[in-house]
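Trainee: quick check, what structure comes out for this input:
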Amino acid sequence: MARITLQTVADAVGVSRMTVSNAFSRPDQLSPELRERILASAAELGYVGPDPAARALARGSTGVVGIVLTSDVGTAFSDEVSTQFLGAIAQGLAGSGLSLTLLSTQEAAGHVPARDVPMDATVVFHCDPRSPAIDWLQRRRLPLVYVDQDPAPGVPTINVDDRGGARSAAEHLVQLGHRRIGIVTASVIGPHGLQPPGAADVQPHVTSQRMLGWRDALTPAGIEPVVVRESRVTQGQGYEALGMLLGVDPGITGVLCFADTLAHGVMLAAQDRGLELPRDLSVVGFDDSPLAARLRPPLTTVRQDIAEKGRLASAALVRAAQRKATPAQGRDAAPAAVTTAPHVVLPTELVVRASTAPPRSV
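Mentor: Sure thing, here's the model as predicted:
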């Protein structure tokens with residue numbers, strides 16, 4: 001059977017190849033009647049449309065945008081905050097004609113996703129700034145959007161007020177009367193486990209900002225917290241962290257956590273030790289994920305607007321994809337200059353629930 005091509009359909013309808021191509025990719029260029037006639041003829045002949053790879057090559061863009069994650073891609077679907085964010089991105093891209101691919105900064109068998117995967121633009125989401133993946137994206141001159149990253153010149157950035165949110169969480173415990181406080185935070189740089197008092201804490205944007213916020217409230221109150229840094233933000237890591245905190249100071253009465261999932265693990269560990277929440281131990285999370293309200297007792301936490309962060313990121317991603325080089329610029333041309341690169345900081349809000357109270361001795 002002869003191969004059905006664009007020209008086959010054009011000959012059958014009696015129009016040019018360009019007219020048939022427009023029927024599939026630029027319908028606004030044709031009358032509805034002509035387009036319907038072309039599509040009907042194509043369907044009858046068994047022609048499904050121009051080859052997407054060839055079409056992408058011709059227009060100098062792939063129609064694909066990416067999200068680069070520090071962790072493996074599967075982890076994004078086991079964390080409620082990540083799934084909310086990804087869902088908001090996907091919803092924001094609906095109708096844009098762009099498809100979404102998830103990439104990890106991890107490399108396997110010589111495959112470097114940030115180097116090898118064709119994309120028009122990419123969101124860099126809460127990644128280690130030293131990651132080779134970011135260097136590859138910059139060397140490819142792809143338009144970037146930063147989310148939960150340190151701002152960079154010429155790169156649209158969407159963050160939340162991590163420092164202010166963490167400060168409000170620590171102030172809450174201090175105002176309740178807590179003076180022996182532990183912190184369970186995330187760490188992708190340096191050793192994990194107990195952090196020596198006064199040790200430098202050079203970490204990615206979110207981790208460093210939250211630590212600064214906690215210390216903004218604790219240091220003026222004369223409180224030196226016991227700090228545990230965990231390599232993964234999971235319930236299991238939070239469970240283990242409480243044992244490390246109490247091993248240094250068995251009298252800790254309040255724990256500040258980097259995320260609600262870590263707080264969940266701390267709460268479970270406390271209950272398994274026979275501690276009564278919140279009389280014996282107050283726990284504060286961060287994010288206000290759906291998990292927070294389900295816990296028993298419900299978790300005091302810091303709310304961030306994850307849906308709005310995703311909406312803003314998707315809008316910036318669409319704009320970034322539109323700056324992709326066109327064939328007229330040449331395949332190796334740099335993207336058009338960014339005239340504006342806004343840095344948006346979304347507010348946070350302390351949500352007080354039943355997991356915090358004055359310590360037993362107050």
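
Trainee: and after the least confident helix or strand in the chain by mean pLDDT, which helix or strand comes next?
Mentor: Least confident element among the helices and strands of the chain, by mean pLDDT, DSSP states H and E: helix 52-59 (a mean of 56). Sequence-wise, the next helix or strand downstream of helix 52-59 (DSSP states H and E) is strand 64-69.

Trainee: give me the mean pLDDT for that following strand.
Mentor: Mean pLDDT, strand 64-69: 91.

Trainee: likewise for stretch 252-264?
Mentor: On average, stretch 252-264 scores 98.

Trainee: could you do stretch 153-166 as well?
Mentor: On average, stretch 153-166 scores 96.

Trainee: touching, Ile158 and Leu144? I think so.
Mentor: No - with contact defined as C-beta atoms under 8 Å, Ile158 does not count as touching Leu144 (11.9 Å). In this view, the C-beta of every residue, glycine as well, is placed from N, C-alpha and C.

Trainee: show the pLDDT at Glu80.
Mentor: pLDDT, read off for Glu80, is 90.

Trainee: next one: Trp136 from Val145, what distance?
Mentor: 16 Å (C-beta to C-beta, to the nearest Å).

Trainee: low-scoring stretches of the stretch 201-350 of the chain, by residue?
Mentor: 201-202, 324-340 (pLDDT under 70).

Trainee: run the last query once more with 50
Mentor: 325-339 (pLDDT under 50).

Trainee: can you map out the helices along it?
Mentor: Here the stretch 201-350 of the chain has its helices, by DSSP state H, counting those that start in this stretch, at 205-218, 235-248, 260-272, 290-294, 306-322.

Trainee: mean neighbour count and distance to Leu45 added to these, as a markdown table?
Mentor: Shown next, in a markdown table, are the helices of the stretch 201-350 of the chain (neighbours: other C-beta atoms under 10 Å; distance: least, C-beta to C-beta, whole Å):
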| stretch | mean neighbour count | distance to Leu45 |
| --- | --- | --- |
| helix 205-218 | 21 | 54 |
| helix 235-248 | 19 | 56 |
| helix 260-272 | 23 | 54 |
| helix 290-294 | 16 | 50 |
| helix 306-322 | 21 | 33 |
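
Trainee: of all those helices, which lies closest to Leu103?
Mentor: For these, the distance to Leu103 is smallest for helix 306-322, at 13.6 Å, taking C-beta to C-beta.

Trainee: skipping adjacent residues, who's closest to the residue most central in space within the chain in space?
Mentor: Centroid-nearest residue in the chain, with C-alpha atoms, centre = their mean: Phe125, separated by 4.0 Å. Once flanking residues are discounted, Phe125 sits nearest to Val147: 4.8 Å by C-beta to C-beta, 6 or more residues apart in numbering.

Trainee: thinking again about what came up before, any chance of a markdown table for the helices of the stretch 201-350 of the chain, columns distance to Ser355?
Mentor: Compiled in a markdown table, the helices of the stretch 201-350 of the chain are given as follows (distance: least, C-beta to C-beta, whole Å):
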| stretch | distance to Ser355 |
| --- | --- |
| helix 205-218 | 17 |
| helix 235-248 | 13 |
| helix 260-272 | 7 |
| helix 290-294 | 9 |
| helix 306-322 | 20 |
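
Trainee: so which of these comes closest to Leu6?
Mentor: Smallest distance to Leu6 across the helices of the stretch 201-350 of the chain (C-beta to C-beta): 25.8 Å, for helix 306-322.
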